[in-house]
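>>> A predicted structure for the sequence below; I have some questions about it.
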Amino acid sequence: MKKKICIIVPHKGIGDIIFHNSFIRSVSEHHKKKIFLFVNKSTKADLIYYKNNFIEKIIYVDFRRPKTFLYLFKIIKITAIISKYEIEKIYYTGSSKWLMLSLLFVCLLKNLSLRYIKVQRRYIISHLRDLLDRFNIKDLNKYDPAIKANLKKNFLNKIKSLKKPWVFLSIDTSEDQIKIPKKLLVKIIIKLKKKYRYIYINTNQKHNYKTKFVNDKKVIETSKFNILEIFFLIKKSKLFIGTESGPAVLASIYCDKSIIFTNKEVKDETTMLPNKRKRKYFKINQIIKNNNKILNLI
């Protein structure tokens with residue numbers, strides 16, 4: 001059996017796994033082998049990389065930090081999971097010391113090569129670029145995961161009846177990271193209704209109260225759609241407005257234009273993706289100050 005190249009991704013988000021797209025492709029191309037990918041389930045990697053040409057297998061592992069008294073158990077468990085596979089090299093894209101112990105144990109048991117960078121960079125993308133550079137791997141700079149969605153007929157039939165252009169408005173993610181002032185949100189929706197045929201509003205189900213004031217057939221809430229359906233809507237939209245999150249990462253790749261809001265704690269990682277000119281960024285403290293500027297960009 002031919003030994004595999006594997007990549008360990010400890011990051012949790014959908015956007016995080018898309019940021020890894022160029023890295024995964026670059027490593028695969030460099031070694032002329034498909035990749036074994038070990039990731040957290042929250043990344044939805046099996047959906048994003050469904051029938052992908054450069055990933056052979058996706059293995060879900062819980063890489064979340066354990067409680068203090070469970071560290072040893074977690075280290076042994078992860079060591080056992082990874083050791084089951086015939087691996088030649090491991091690329092580790094994080095910097096957690098406890099997880100590094102698991103990987104070192106795997107390497108000792110299986111006589112493997114471990115490739116990583118000790119210091120975690122502020123941005124995932126810059127960290128991955130440095131990791132490629134350290135091992136003389138050419139960065140292909142390709143971030144489109146080419147998602148192959150197997151969509152249900154009911155959804156497609158419904159969507160086909162809705163004429164374009166569409167706009168996708170992502171109010172928040174599960175973290176509720178940005179509180180867009182209601183007055184501004186109303187103004188945004190009024191202007192969008194004049195220019196676009198349909199507005200898709202994406203908000204976490206816990207925060208549906210934010211859109212209760214909207215009662216219009218042109219405004220469609222997406223909380224009942226699955227993740228692949230939301231990916232499809234974002235890809236087909238002309239404009240994306242929303243927080244820096246998984247949907248914003250997809251929009252940064254697929255949409256003609258994006259308006260992205262961030263707060264002090266959230267890193268504006270999409271600024272590092274190609275075609276930055278397609279995106280405008282506003283920090284939370286700039287939203288009210290730049291009210292008219294935001295509206296003029298729509």
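Thanks, I have it. Numbers count the residues shown, from 1 in each chain.
>>> the stretch 101-250 of the chain: helices as residue ranges?
Remark: helices assigned in the stretch 101-250 of the chain by DSSP state H, counting those that start in this stretch are 124-134, 153-160, 182-195, 227-236, 246-254.
>>> minimum distance to K74: which of these has it?
In terms of CB to CB, the element of the helices of the stretch 101-250 of the chain nearest to K74 is helix 124-134, at 22.7 Å. Just so you know, the C-beta spots here come from the backbone N, C-alpha and C atoms, and that holds for glycine as well.
>>> mind checking how far the closest one is from the chain centre?
Averaging C-alpha positions (CA atoms, centre = their mean, to the nearest Å) puts helix 124-134 17 Å from its chain's average.
>>> next, the buried residues of the helix or strand bottoming out on mean pLDDT in the chain.
In the chain, no helix or strand scores lower on mean pLDDT, DSSP states H and E than helix 284-287, which sits at a mean of 70. Across helix 284-287, burial judged by 16 or more other CB atoms under 10 Å covers 284, 287.
>>> so what secondary structure elements neighbour that helix?
Under the contact definition 3 or more CB pairs under 8 Å, 6 or more residues apart in numbering; DSSP states H and E, helix 284-287 sits against strand 257-262.
>>> give me the contacts around the strand it packs on.
With contacts defined as CB atoms under 8 Å, 6 or more residues apart in numbering, strand 257-262 is touched by 177-178, 180, 238-244, 248, 251-252, 268, 270, 278-284, 287, 294, 297-298.
>>> do I have it right that G13 meets P247?
No - using CB atoms under 8 Å, G13 is not in contact with P247, being 10.9 Å away.
>>> neighbour count: the two, which is higher?
Counted by other CB atoms under 10 Å, G13 and P247 do not tie: P247 has more neighbours, with 26 against 20.
>>> the nearest residue to the more buried one once chain neighbours are set aside - how many residues pack around it?
Among residues not flanking P247 along the chain, S170 sits closest, at 4.5 Å (CB to CB, 6 or more residues apart in numbering). For S170, the neighbour count with other CB under 10 Å is 28.
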